[in-house]
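Chemist: have a look at this prediction, sequence included:
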Amino acid sequence: MIAREFFERSPLVCARGLIGAELRWGGCAGTVVETEAYDAAGDEACHTFFRPSARSFVERHQAGTAYVYLNYGMHWLLNVLVKGPRRNGFVLIRALEPLAGLDCMTRRRVVAEPRKLCAGPGRLTQAFGIDGAVHGEDLCGNPEFAFHARQRRPRIVADGRVGISVAGELPWRFTLAGSRFVSVRARDFRIVTQKKTGTASKNHPGL
DNA sequence: ACACGGATACTA
DNA sequence: AGTATCCGTGTC
């Protein structure tokens, strides 16, 4: 199980590091293939920018806590609170590759194609049965409801965040390279695997 | 292309 | 109370 210390780093590092991890949720499981980073300070797209309740949430909870909210009146979106020494924020879980519990997901979602079961932030919460009851829950306690470390270091692609009206140009969305289970195909194919040299630091001044 | 739907945070 | 906005999905 991924321990709390993992989430005690910057939003960008956590968002990138979760690609390839496995999310287990009761009888369901999936590989994280798409995330987005949100910075609690200065990021106009982060809830903390325009919601006092979100700022309070960051203050009152520790890293590794689930931040779940209802968007557009019908879709629950799963975020993980991260609190680094320099920066706080959230990681939005945007897509998973289904690994276990496919029958259960299909029952909840009423779609046949496995590719679309968890290809989107609202779709994966519906498939996993995640809703407002999860808001504020610790994701570092029960291994049955937690992230688990990836086996190998995956190839990761960074590009702009999607679905937001502001600050979408920031390359803060991360996808598993070549995955057919992402919500939106990456426009930019920069590989940003965690090497010490290369484009990663250059394109991510927030780090 | 558009309808669907509710919580949050504004204005008063 | 009324209004604007919002990290989306499915079907038109």
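Modeler: In hand now; what should we look at?
Chemist: just the strands from chain A, written as ranges.
Modeler: Assigned by DSSP state E, the strands in chain A fall at A:22-25, A:28-39, A:66-71, A:75-83, A:88-100, A:145-148, A:156-159, A:173-176, A:190-191.
Chemist: using PDB, write out every CA atom in the longest one.
Modeler: By that I understand strand A:88-100. Extracted in PDB, the C-alpha atoms of strand A:88-100 (Å, rounded to 0.1, in the frame of the first residue of the first chain):
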ATOM      1  CA  ASN A  88      -0.100  21.700  -1.200                       C
ATOM      2  CA  GLY A  89      -2.700  20.700  -3.600                       C
ATOM      3  CA  PHE A  90      -4.800  17.900  -5.100                       C
ATOM      4  CA  VAL A  91      -4.300  15.100  -7.600                       C
ATOM      5  CA  LEU A  92      -7.400  14.400  -9.700                       C
ATOM      6  CA  ILE A  93      -7.800  10.800 -10.700                       C
ATOM      7  CA  ARG A  94      -9.100  11.000 -14.300                       C
ATOM      8  CA  ALA A  95      -8.900   7.500 -15.700                       C
ATOM      9  CA  LEU A  96      -8.100   3.900 -14.800                       C
ATOM     10  CA  GLU A  97      -7.500   0.700 -16.700                       C
ATOM     11  CA  PRO A  98      -9.900  -1.900 -15.100                       C
ATOM     12  CA  LEU A  99      -8.100  -4.800 -13.500                       C
ATOM     13  CA  ALA A 100     -10.600  -6.500 -11.300                       C
END
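Chemist: skip the chain neighbours and tell me the closest residue to residue A:47.
Modeler: Nearest residue to residue A:47 in three dimensions, chain neighbours excluded: residue A:54, at 3.6 Å (C-beta to C-beta, 6 or more residues apart in numbering). C-beta: built from backbone N, CA, C; applies to glycine.
Chemist: correct me, but the one you found touches residue A:38?
Modeler: No. Contact criterion C-beta atoms under 8 Å: residue A:54 and residue A:38 do not qualify, at 9.8 Å.
Chemist: mutual contacts of the two, please.
Modeler: Here residue A:54 and residue A:38 have A:46-47 as joint contacts, going by C-beta atoms under 8 Å, 6 or more residues apart in numbering.
Chemist: was I right to think residue A:79 contacts residue A:92?
Modeler: Yes. Residue A:79 is within contact range of residue A:92, at 5.0 Å (criterion: C-beta under 8 Å).
Chemist: what touches both of these two?
Modeler: With C-beta under 8 Å, 6+ apart as the test, residue A:79 and residue A:92 both reach residue A:38.
Chemist: the bottom helix or strand of chain A by mean pLDDT?
Modeler: None of the helices or strands of chain A scores lower by mean pLDDT, DSSP states H and E than helix A:199-203, at a mean of 35.
Chemist: picking up where we left off before, do you know which of the strands of chain A lies nearest DNA strand B?
Modeler: DNA strand B lies closest, by C-beta to the nearest atom of the strand, to one member of those: strand A:66-71, at 5.1 Å.
Chemist: show residues contacting the closest one.
Modeler: A:47, A:54, A:57, A:76-81, A:90, A:122, A:125, A:130-132, A:134-139.
Chemist: export that strand as CSV, just CAs?
Modeler: Provided in CSV are the C-alpha atoms of strand A:66-71 (Å, rounded to 0.1, in the frame of the first residue of the first chain):
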residue,chain,number,x,y,z
ALA,A,66,-9.8,11.9,-0.3
TYR,A,67,-11.4,15.1,-1.6
VAL,A,68,-14.6,14.1,-3.4
TYR,A,69,-17.0,16.6,-4.8
LEU,A,70,-20.1,16.7,-7.1
ASN,A,71,-19.5,18.3,-10.5
